[in-house]
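Chemist: Model the structure of this input:
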Amino acid sequence: MLLPLLLAAGLTHVPAAQPKIAGQSAPNELSAELRESIVAQGSMRLENPAVIAGVTIANYGYDADGPFLPSAGDLPSSSHKVEATKTEPDKNTYLVLRRQQGADASYDYGSRFLFQGHELGARGNTGTNVGAITRVNLDADGAHRVTLMAAADVNGTPLPTFDGSTWDPWAQRLLFTAEGANGGGVWQATLDVPSRVEALTGIIGQGGYEGIQNDSAGNLWIVEDIGGTTVGHARQPNSFVYRFVPDDPRNLKQGGKLQALQVLSRRTGNPIVFHAGQAAADIDSQDVKDLHACGLSFETRWVTVHDTAIDGTATFNANAAAKAAGATPLKRPENGVFRPGSRFSEFYFTETGDTNALTEAGSAGGGFGGIFRLTQRTPAADAGSLTIFFVGDAVHTGLDNIQFWDRDRLVAVEDAGDTLHSQRQAFDSAYLFDVAQVCSANPTRILALGRDASATTDASFSGLPLFQNDGDNEITGFHVSDGDPSREGILGAKLPHPFEAGGRAFYTQQHGDNQTWEIVRASRGEDD
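Modeler: Purely as a prediction, here's the structure:
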């Protein structure tokens, strides 16, 4: 029984990322101790197709506005799509639930489910892109494998395209986030089919929200990604980390306080803030360089940017409110998670950076992003400290989804994008980090993502006018959980155990065929 010991001690390093070669697909490569199995893919037909705002949603990863593959020699035009819009299932949320229903009242859907929002969607007759929420029924047969939970809210308004998701056991709602200073925000959804979906934009605001996570007090921690003004090839810090403190965690519609993280300068003791109209100064500032310097610690505090008891429940721009309150902007933070066993006192979040090898900011100025660690005495504390845990470089950059593999190791995955893939001639990877190795330059690569044939075809269309789909594949929705829907089951409340005690691991290979994978233990002989 050597394999469990190997998994406990470490996973074999995959030596290199998969190379990007024009016109060639490439397989995924995982650590030798791991394998992967498809649980859903874009072409799977939904058990309950629907038409919303003129958009037909019939398959897991495709809207019905074109063929799944373009015909030879076909080119997009203003009146013609060469292929269907790919909906790109995003962040995964795994739950073990009883007595769940679906479109077929006579069918037993089992008890294991994987929920997603979809990041893209075809443009409807209302002029907006139509999003969707799906449920992969892991115990079901092919005909009942994927259920459309909703594509419109309780008022019949088409859903936006979603990025993040989580389960809130206090509110008993799935929560989904949409990026965009105008149009983004948080939506809550019931487990019913069809799901009752409601916007919380008058409570939590509109923002470029992506990562969303409960703490043990029922608060919501939200990580925002809004790219700032670009100077040369570097973006101005323009996004915030938020904490929403509900008046009643069981009913988010009752309102509460939205707070944003403020970081104090080590040089001046003043808040590190956004400077309107001075993008170049912010990109090259000493404070930004200090934030990305190993070994430095910064005092933090939470500042209230909106309080429904005072400000009401009209929709508001959270990003603008955070700037006005003197919160500290960062370079595209995207996702965050609490360290298991820390009693929610350690919060790790990724910063994507500029996703361009030519960034003038370099590693020292956060051009390649990294991972931050926020430490507080309790999750409800008003003050804490921030340190850089990992400083990105051109080889390890565009860090996006983050998840703890066990108590002391976390996984962070790249979303470097087509431009950087071409610049470094390499696709994305997932890396395993030991939290005891601060600022280590050599994390363990556990997944070298390839590129499926469909994404390879799409990459050949990238940059053509009116082509609506992304090119190279991306890792998203990396998720490790035992599916416990109780308050004791929120991420960070218990130690994760992949492949043991009900623990399971998933990720989605976004773009292309939009395959969602389960990572499983490699099968070896009894003599190993």
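Chemist: does residue 123 really touch residue 129, like I thought?
Modeler: Yes. Assessed by CB atoms under 8 Å, residue 123 is found in contact with residue 129 at 5.4 Å. Every residue, glycine included, has its C-beta placed from N, CA and C.
Chemist: between those two, which one's more packed in?
Modeler: It is residue 129, of residue 123 and residue 129, that has more neighbours when counted by other CB atoms under 10 Å, with 23 against 16.
Chemist: In contact with the residue nearest to residue 369 when sequence neighbours are not counted, which residues are there?
Modeler: Closest residue to residue 369 apart from its sequence neighbours, by CB to CB, 6 or more residues apart in numbering: residue 353 at 3.0 Å. Residue 353 makes contacts with 331-332, 359, 361, 366-370, 392, 397-399, as judged by CB atoms under 8 Å, 6 or more residues apart in numbering.
Chemist: Neighbour-wise, give me the winner out of those.
Modeler: If you count neighbours using other CB under 10 Å, the busiest of these is residue 369, which has 33 neighbours.
Chemist: Please report the distance of residue 43 from residue 155.
Modeler: Residue 43 sits 32 Å away from residue 155, going by CB to CB, to the nearest Å.
Chemist: Looking at the two, which is more packed in?
Modeler: The residue with more neighbours, out of residue 43 and residue 155, is residue 43; 15 against 8, by other CB under 10 Å.
Chemist: hang on, the earlier thing: and the residue nearest to residue 369, how far from residue 90?
Modeler: In this view, residue 353 and residue 90 are 20 Å apart by CB to CB.
Chemist: Next, residue 11: phi, psi?
Modeler: phi -110, psi 150 (degrees, to the nearest 10).
Chemist: Residue 178 pairs with what?
Modeler: Using DSSP bridges, the beta-bridge partners of residue 178 come out as residue 185.
Chemist: so what pLDDT did it get?
Modeler: With respect to pLDDT, residue 178 has a value of 96.
Chemist: For it, give me its contacts.
Modeler: Shown in contact with residue 178 (CB under 8 Å, 6+ apart): 117, 131, 160-163, 184-187, 209.
Chemist: so how far is residue 330 from it?
Modeler: Residue 178 is 20 Å from residue 330, by CB to CB.
Chemist: and what of residue 186?
Modeler: Distance from residue 186 to residue 330, by CB to CB: 20 Å.
Chemist: cool, and residue 422?
Modeler: Distance from residue 422 to residue 330, by CB to CB: 26 Å.
Chemist: So which of the two has more stuff around it?
Modeler: residue 330 (28 against 17).
Chemist: pLDDT below threshold where in the chain?
Modeler: 1-9, 181, 524-528 (pLDDT under 70).
Chemist: Pull out the buried residues from stretch 453-461.
Modeler: 454-459, 461 (16 or more other CB atoms under 10 Å).
Chemist: so how far is that stretch off the chain centroid?
Modeler: Between the centre of stretch 453-461 and the centre of its chain there are 23 Å (CA atoms, centre = their mean, to the nearest Å).
Chemist: again, but for stretch 333-351
Modeler: 13 Å.
Chemist: end-to-end on it?
Modeler: End-to-end distance for stretch 333-351: 4 Å, by CA to CA, to the nearest Å.
Chemist: Then stretch 347-362?
Modeler: 25 Å.
Chemist: How about stretch 274-287?
Modeler: Note: stretch 274-287 ends 11 Å apart using CA to CA.
Chemist: Could you list the buried residues of it?
Modeler: For stretch 274-287, by 16+ other CB under 10 Å, it's 274, 279, 282-283, 285, 287.
Chemist: go on, stretch 11-26?
Modeler: Neighbour-count burial for stretch 11-26 [16+ other CB under 10 Å]: 11, 14, 17-18, 20, 25-26.
Chemist: what's the most distant pair in these?
Modeler: 11 and 25 (25.0 Å; CB to CB).
Chemist: Now tell me what touches stretch 224-238 from outside.
Modeler: Contacts of stretch 224-238 (CB under 8 Å, 6+ apart): 179-181, 207-210, 239-242, 274, 279-280, 282-283, 288, 318-319, 328-334, 352, 354, 356, 358-361, 365-367.
Chemist: and that stretch, C-alpha only, in CSV?
Modeler: Only the C-alpha atoms of stretch 224-238 are listed here, as CSV (Å, rounded to 0.1, in the frame of the first residue of the first chain):
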residue,chain,number,x,y,z
GLU,A,224,-12.6,40.9,-7.4
ASP,A,225,-11.0,41.0,-10.9
ILE,A,226,-11.3,44.2,-12.8
GLY,A,227,-8.3,45.0,-15.1
GLY,A,228,-7.1,48.5,-14.6
THR,A,229,-5.7,51.1,-17.0
THR,A,230,-2.8,49.7,-19.1
VAL,A,231,0.5,51.6,-19.4
GLY,A,232,2.7,49.9,-21.9
HIS,A,233,2.0,46.2,-21.1
ALA,A,234,1.3,46.6,-17.4
ARG,A,235,-2.1,47.2,-15.7
GLN,A,236,-2.8,49.6,-12.9
PRO,A,237,-3.9,47.9,-9.6
ASN,A,238,-7.7,48.2,-9.8
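Chemist: what's the distance between it and the middle of its chain?
Modeler: Using CA atoms, centre = their mean, the offset of stretch 224-238 from its chain centre is 19 Å.
Chemist: show me what contacts the nearest residue to residue 405 once chain neighbours are set aside?
Modeler: The shortest distance from residue 405 to any non-neighbouring residue, by CB to CB, 6+ apart, is to residue 411 (5.3 Å). Residue 411 makes contact with 402-405, 430-433, 446, 478, 480 under the criterion CB under 8 Å, 6+ apart.
Chemist: Looks to me like residue 411 is in a strand.
Modeler: Yes. Using DSSP: H, G, I helix; E, B strand; the rest coil, the assignment for residue 411 is a strand.
Chemist: And it, how close does it get to residue 373?
Modeler: 15 Å.
Chemist: and what of residue 240?
Modeler: Using CB to CB, one gets 17 Å for the distance from residue 240 to residue 373.
Chemist: Strands of the stretch 101-250 of the chain, start to end?
Modeler: Using DSSP state E, counting those that start in this stretch, the strands found in the stretch 101-250 of the chain span residues 112-118, 133-137, 146-150, 165-168, 173-178, 185-189, 197-199, 209-214, 220-224, 230-231, 234-235, 241-246.
Chemist: what about the residue lying closest to residue 30 once chain neighbours are set aside, how many residues close to it?
Modeler: Using CB to CB, 6+ apart and skipping residues adjacent in sequence, the residue nearest residue 30 is residue 447, 5.3 Å away. As a burial measure, residue 447 scores 29 neighbours (other CB under 10 Å).
Chemist: of all the contacts of residue 353, which comes closest to residue 66?
Modeler: The shortest approach to residue 66 among the contacts of residue 353 belongs to residue 398, at 28.9 Å (CB to CB).
Chemist: Give me the phi and psi angles of the closest one.
Modeler: Per-residue torsions, residue 398: phi 70, psi 30 (degrees, to the nearest 10).
Chemist: Give me the distance between the nearest residue to it once chain neighbours are set aside and residue 338.
Modeler: Closest residue to residue 398 apart from its sequence neighbours, by CB to CB, 6+ apart: residue 416 at 3.7 Å. Counting by CB to CB, the separation of residue 416 from residue 338 is 26 Å.
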